[in-house]
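Visitor: Sequence below, structure please.
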Amino acid sequence: GINAEYMGLVNTGLELAAFEEQLLPHIRAMVRSKAIRLVLLDATKCMGEAGLIGAETTALQVACLAFSGLAPSTAQCNSLISSQENDLGGVSVESVVAFVLGSCLVAPPNRPLLDPVPEDERPSLLTNPNGHLRVPHVKTLNLPYSSQQCADWLIIFPKLFQTQMSRRPDQTDSHTVKVTLFKTLSPATYDRNLFHVEFDLGDTGLVYKIGDALGVYPRNDRKKVLEFLSTYKLNPEHTVAPDAVPKPLLGRRLVWTVETMFTEVLDLFGRPPKRFYELMSEWATEHCEKEKLLWLTTKEGQAEFKKRVTATVTFADLLLEFVSVRPPLNTLMQMIPAIKPRHYSISSAMSMYPKSVHLLVVEVSWVTPSGETRYGLCSHYLAQLQEGDEVTVCIKPSVMTLPPNPSTPIIMAGLGTGMAPFRAFLLERAYQRQQGHEVGPVVLYFGSRHRAMEYLYAEELEAYNQDGLLSHLALAFSRDQTEKVYIQHKIAEDSELLTKLLLDQGGRFYLCGPTWPAGDVEDAIQGGFVKSKGMDIGKAKLAIVDLKEEGRYTLEVY
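Guide: Residues are numbered from 1 along each chain as shown. As a prediction, this is how the structure comes out:
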């Protein structure tokens, strides 16, 4: 190979002098300052002379192997050429390598680029006395997989290594879907950002059921990632092959760019646990930083640690704060946990939208004690989506399932974005009715802060209510009047109706939304049993227990 730290292989028909004249001044300066050895090859011409039309890629890969110090053996070249699916037509592998090496122009070391290249410094085919190919210092392609060089080879020679390209190869159950519609549901002047987003399933084969959740793999903000990498002195374009791989991919190697790893895989802006402080202390070269990191994990440092948690200090913040902590990149990638998917109840039904999946989302945000506004990773990621963007997703089954008999009454109570699975329920019941099934009573309680700001899917709900699919619609907008009204108040008002549907007609009750009203809602239903059936409170509570054991009282709260 070339005795140089950097080598540049260029596919061109120009001579060295003519090629240098084409370089922009700053590129020419970089080539000289980094002592880059340029190798020029007219791949089309040399393969044409070898009788292999259309094999330019093979020529470039052979040259790349040879001049990087991984000189190609006959077996390697044979495998390489075969992987390109080229018919040699009787041309020997040795001849192919000879044509490639003999056609390369190599810039001489330690001299201006325009100096002529002596013949004895140009690459030539080395042969043994029998005339067979002989390559000095042959290295096989079985490289140490953790090395930077190996990661590059897996990308440069995809067919030779049987490299497969995937958006998230570490997530074997994931699918890539594309945004087809993004619709903001709340006014721009409102302090909460609620939106509806639709994804095209394409040919992914993704299938979901009513009530399932869509797992979304979010990405870190690219601008913030690049700022971190720049400060931390990591080249975003470098490739890495982590030592750790998921069990389903054992025996294989995943290759990422540094930018992709820190944007799509590592939870760089997540909240670090105490264990991360301990791991950082092991790599701190400054004594004072090591002591502080360890102190923060002790009882004495508990108050300061809690302040950091409240301030939403992230992995990135810590790594930039403690400047002496610089573990090897492969170690750092194991220290920072992977981004986990966030799950959102699906607000669509495949019966009505066979090629689409819908979500209802509120962007999560908060203000730190220092006055900085921060956002939830996934909801903020989704809020930035535009039509055409690709998103990595998976499916998670849920307990929110419709009864198998369409005539079974259902009672739904949704708060805010807890409306999502109930929109799917309504779509499915609408489809069942279209198919001629007898559809039972459908009751919905929906609650949010303001009717004008957060009446989610208002037009759809009003239409379902008018045509009779939604047999009873009760709305609770807590802040539209002096006295706050919540869904539990509306449930208490309908005690006779709900008691009849649940206890006499075998109906099912569902609650989706934040945790806080669950107890009040249960009390309201129990009170209805007492009022309508004359039960004492003990029997009313047992009735709720029976409903839960029978799978007819389902909560999905968060």
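
Visitor: Give me the pLDDT for Val258.
Guide: Looking at Val258, its pLDDT reads 89.

Visitor: let me fix that: Pro187
Guide: 93.

Visitor: who's in contact with it?
Guide: 452-453 (Cβ atoms under 8 Å, 6 or more residues apart in numbering). For the C-beta atoms, the positions are set from N, CA and C on the backbone; glycine is no exception.

Visitor: give me phi/psi at it?
Guide: With angles defined as degrees, to the nearest 10, Pro187 sits at phi -60, psi 150.

Visitor: do the same with Pro273
Guide: Given degrees, to the nearest 10, the pair of backbone angles that Pro273 has is phi -80, psi 180.

Visitor: mind checking how far it is from Asp480?
Guide: Relative to Asp480, Pro273 is positioned 42 Å away (Cβ to Cβ, to the nearest Å).

Visitor: Point out where the stretch 301-450 of the chain drops to low pLDDT.
Guide: In the predicted model of the stretch 301-450 of the chain, no residue satisfies pLDDT under 70.

Visitor: What is the neighbour count of Lys178?
Guide: Lys178 is flanked by 15 other residues according to other Cβ atoms under 10 Å.

Visitor: Please name the nearest non-neighbouring residue to it.
Guide: Spatial nearest neighbour of Lys178, excluding adjacent residues (Cβ to Cβ, 6 or more residues apart in numbering): Asp200 at 4.8 Å.

Visitor: what's the answer for Arg479, then?
Guide: Arg449 (4.8 Å).

Visitor: distance of that neighbour from Tyr190?
Guide: Going from Arg449 to Tyr190 by Cβ to Cβ gives 9 Å.

Visitor: and what of Leu382?
Guide: 17 Å.

Visitor: More neighbours: which of the two?
Guide: The neighbour comparison of Leu382 against Tyr190 (other Cβ under 10 Å) goes to Leu382, with 22 against 15.

Visitor: just checking, that one touches Pro218?
Guide: Yes - between Leu382 and Pro218 there is a contact under Cβ atoms under 8 Å: 7.4 Å.

Visitor: so what's the spatially most central residue of the chain up against?
Guide: Geometric centre of the chain, nearest residue: Tyr217, 3.5 Å, by Cα atoms, centre = their mean. Residues in contact with Tyr217, defined by Cβ under 8 Å, 6+ apart, are 168, 171, 174, 264, 339, 341, 391-394.

Visitor: among those residues, who's most crowded?
Guide: Result: Val393 is most packed of the contacts of Tyr217 (other Cβ under 10 Å), 26 neighbours.

Visitor: How about the secondary structure of that one?
Guide: Following DSSP: H, G, I helix; E, B strand; the rest coil, Val393 is assigned to strand.

Visitor: How much space separates it from Leu206?
Guide: Here the criterion is Cβ to Cβ. By it, Val393 lies 7 Å from Leu206.

Visitor: shared neighbours, the two?
Guide: 175, 177, 357.

Visitor: Make CSV from those and add neighbour count and distance to Val309 to it.
Guide: Formatted as CSV, the shared contacts of Val393 and Leu206 follow (neighbours: other Cβ atoms under 10 Å; distance: Cβ to Cβ, whole Å):
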residue, neighbour count, distance to Val309
His175, 22, 34
Val177, 22, 34
Val357, 26, 35
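
Visitor: Next step: the residues you listed restricted to strands.
Guide: Taking DSSP state E as the definition of strands, the shared contacts of Val393 and Leu206 contribute 175, 177, 357.

Visitor: could you dump these to TSV with distance to Ile346?
Guide: Output for those, formatted as TSV (distance: Cβ to Cβ, whole Å):
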residue	distance to Ile346
His175	13
Val177	12
Val357	6
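
Visitor: Just name the closest of those residues to Ser398, please.
Guide: Using Cβ to Cβ, Val357 is the member of those that sits closest to Ser398, with 13.7 Å.

Visitor: Looks like the closest one contacts Val177 (just checking).
Guide: Yes - look at Val357 against Val177 with Cβ under 8 Å: they come within range, at 6.9 Å.

Visitor: and for these two, which residues touch both?
Guide: Common neighbours of Val357 and Val177, using Cβ under 8 Å, 6+ apart, are 199, 201, 206, 393.

Visitor: what's the closest non-adjacent residue to the second one?
Guide: If the residues on either side of it in the chain are set aside, Leu201 comes closest to Lys355, at 5.2 Å by Cβ to Cβ, 6+ apart.

Visitor: Helices along the stretch 201-350 of the chain, start to end?
Guide: In the stretch 201-350 of the chain, the helices defined using DSSP state H, counting those that start in this stretch lie at 222-231, 258-260, 274-283, 287-295, 302-310, 315-321, 329-335.

Visitor: Count residues in the vicinity of the residue nearest to Arg479, would you?
Guide: For Arg449, the count of nearby residues is 16 (other Cβ under 10 Å).

Visitor: which residues sit in contact with it?
Guide: Taking Cβ under 8 Å, 6+ apart, we find Arg449 in contact with 477-479.

Visitor: Show me which of those are buried.
Guide: Buried subset of the contacts of Arg449 (neighbour count, 16 or more other Cβ atoms under 10 Å): 477-478.

Visitor: Generate TSV for the contacts of Arg449, with pLDDT as supplementary columns.
Guide: Shown next, in TSV, are the contacts of Arg449 (pLDDT from 0 to 100):
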residue	pLDDT
Phe477	97
Ser478	95
Arg479	93
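
Visitor: Tell me the one of the contacts of Arg449 nearest Gly528?
Guide: Nearest to Gly528 among those is Ser478, at 20.8 Å by Cβ to Cβ.

Visitor: Identify the residue spatially nearest to that closest one, adjacent ones excluded.
Guide: Ser478's closest residue in space is Lys484 (Cβ to Cβ, 6+ apart), at 4.6 Å.

Visitor: Test my guess that that neighbour contacts Phe477.
Guide: No - Lys484 lies out of contact with Phe477 (Cβ under 8 Å); the separation is 9.5 Å.

Visitor: Out of the helices of the stretch 201-350 of the chain, which gets nearest to Leu461?
Guide: Comparing the helices of the stretch 201-350 of the chain by their distance to Leu461 (Cβ to Cβ), the top pick is helix 222-231, with 37.8 Å.

Visitor: Output the contacting helices and strands for the closest one.
Guide: For helix 222-231, the packing partners by 3 or more Cβ pairs under 8 Å, 6 or more residues apart in numbering; DSSP states H and E come out as helix 258-260, helix 315-321.

Visitor: closest one to Leu542 among the helices of the stretch 201-350 of the chain?
Guide: Closest to Leu542 of these is helix 302-310 (Cβ to Cβ; 41.8 Å).

Visitor: for the closest one, which positions count as buried?
Guide: 305, 308.

Visitor: List the beta-bridge partners for the residue nearest to the centre of the chain.
Guide: Bridge pairing for Tyr217 (DSSP bridges) gives the partners Thr392.

Visitor: Over to the residue nearest to Ser478. Which of the three states is it?
Guide: Following three-state DSSP, we place Lys484 in the coil state.

Visitor: Next, it: phi, psi?
Guide: Phi and psi for Lys484, reported as degrees, to the nearest 10, are phi -70, psi 140.

Visitor: what's the neighbour count on it?
Guide: When neighbours are defined as other Cβ under 10 Å, Lys484 has 12 of them.

Visitor: Quick check: the gap between it and Tyr510.
Guide: Distance of Lys484 to Tyr510, given as Cβ to Cβ: 23 Å.

Visitor: next one: Ser324
Guide: 54 Å.

Visitor: So those two - more neighbours on which side?
Guide: Each of Ser324 and Tyr510 has its neighbours counted (other Cβ under 10 Å); Tyr510 has more, 24 against 13.

Visitor: wait, isn't that one in contact with Gly418?
Guide: No - using Cβ under 8 Å, Tyr510 is not in contact with Gly418, being 9.6 Å away.
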